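K.L.:
Predicted coordinates and the sequence they were generated for:
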Amino acid sequence: MSEFGVTAGLVERPYTRDPWGGTSRWYERRKRALTMAALPKARYRNAFEPGCSIGALSEELTGRCDRLVCTDLAAQALDAADRRIDRLPESARGSVEFRRWALGQSWADECFDLIVFSEVGYHLDSVALRAAFGLAVEHLDSDGTLLCVHWRRKVPEYPLSGDHVHAIARTTQGVTATAGYHDEDILLDVFTAGDPISVAASEHLV
């Protein structure tokens, strides 16, 4: 583990234009589509995406968020994400802020109505991840959404598997599981702070 509480070597990992095929592989495009469809609200006021990498998911999130804070430890990744968002027309995106930061560090004194853990949880060990989920809940608005989505296959250099990440997420106090999806490759869980309300109920359909 590095001094930031994440897998050693991640900070120095070289970033190509698309290091994991995030924009070219159908797996990645499908995962983002599932993620966006699972969000229970059409729009969010203030969202937080730790571990944004090159901004493939950030690009889609900003279309549904008035403000989006994206973080990563790799400066090259943040630069690539910034360029990706900058290409979008202003009418298609909210305000986006990039910060160099990792889940193992202290959180800013700020709350969000959406926090997205996408492919980031298994870079922490179980103790650090439990602490990160606890801090996420503390920084979640009373009507907020916490979404987690991770690759399920074991990666030798990662401290945890996706299944372990989501097992920890599901035992986190202060949020209620409201939706989920899984297959052999992907785990996706949606949690809500406060009293859950279905999408249909929120639009007075039931």
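P.N.:
Perfect, thanks for sending it.
K.L.:
The residue lying closest to Gly174 once chain neighbours are set aside sits in which helix or strand?
P.N.:
Excluding its sequence neighbours, the residue lying closest to Gly174 (CB to CB, 6 or more residues apart in numbering) is Val137, at 4.0 Å. For every residue, glycine as well, the C-beta is placed using N, CA and C. Using DSSP states H and E, Val137 falls within helix 126-138.
K.L.:
name the helices or strands packed onto that helix?
P.N.:
helix 162-170 (3 or more CB pairs under 8 Å, 6 or more residues apart in numbering; DSSP states H and E).
K.L.:
Asp141 belongs to a strand?
P.N.:
Yes. Under the criterion used here (DSSP: H, G, I helix; E, B strand; the rest coil), Asp141 sits inside a strand.
K.L.:
And the helices in this structure?
P.N.:
Ranges of helices in the chain, per DSSP state H, are 26-38, 56-61, 75-86, 126-138, 162-170, 199-202.
K.L.:
Please identify the most buried of those.
P.N.:
Mean neighbours per residue, mean count of other CB atoms under 10 Å, is largest over the helices of the chain for helix 56-61, with a mean of 22.
K.L.:
tell me how far that one is from the chain's mean position?
P.N.:
Centroid separation for helix 56-61 versus its chain: 10 Å, with CA atoms, centre = their mean, to the nearest Å.
K.L.:
Enumerate every residue touching Ala56.
P.N.:
Gly22, Thr23, Glu28, Arg32, Arg84 (CB atoms under 8 Å, 6 or more residues apart in numbering).
K.L.:
before we move on, the earlier item: with only the CA atoms kept, save the helix holding Val137 in PDB.
P.N.:
Output of helix 126-138 as PDB, limited to C-alpha atoms (Å, rounded to 0.1, in the frame of the first residue of the first chain):
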ATOM      1  CA  SER A 126     -10.700  -3.800   4.100                       C
ATOM      2  CA  VAL A 127     -10.000  -1.500   7.100                       C
ATOM      3  CA  ALA A 128      -9.400   1.500   4.900                       C
ATOM      4  CA  LEU A 129     -12.400   0.700   2.700                       C
ATOM      5  CA  ARG A 130     -14.800   0.400   5.700                       C
ATOM      6  CA  ALA A 131     -13.500   3.800   6.800                       C
ATOM      7  CA  ALA A 132     -14.000   5.300   3.300                       C
ATOM      8  CA  PHE A 133     -17.600   4.000   3.200                       C
ATOM      9  CA  GLY A 134     -18.300   5.400   6.600                       C
ATOM     10  CA  LEU A 135     -16.900   8.800   5.500                       C
ATOM     11  CA  ALA A 136     -19.000   8.700   2.300                       C
ATOM     12  CA  VAL A 137     -22.200   8.300   4.400                       C
ATOM     13  CA  GLU A 138     -21.100  11.200   6.600                       C
END
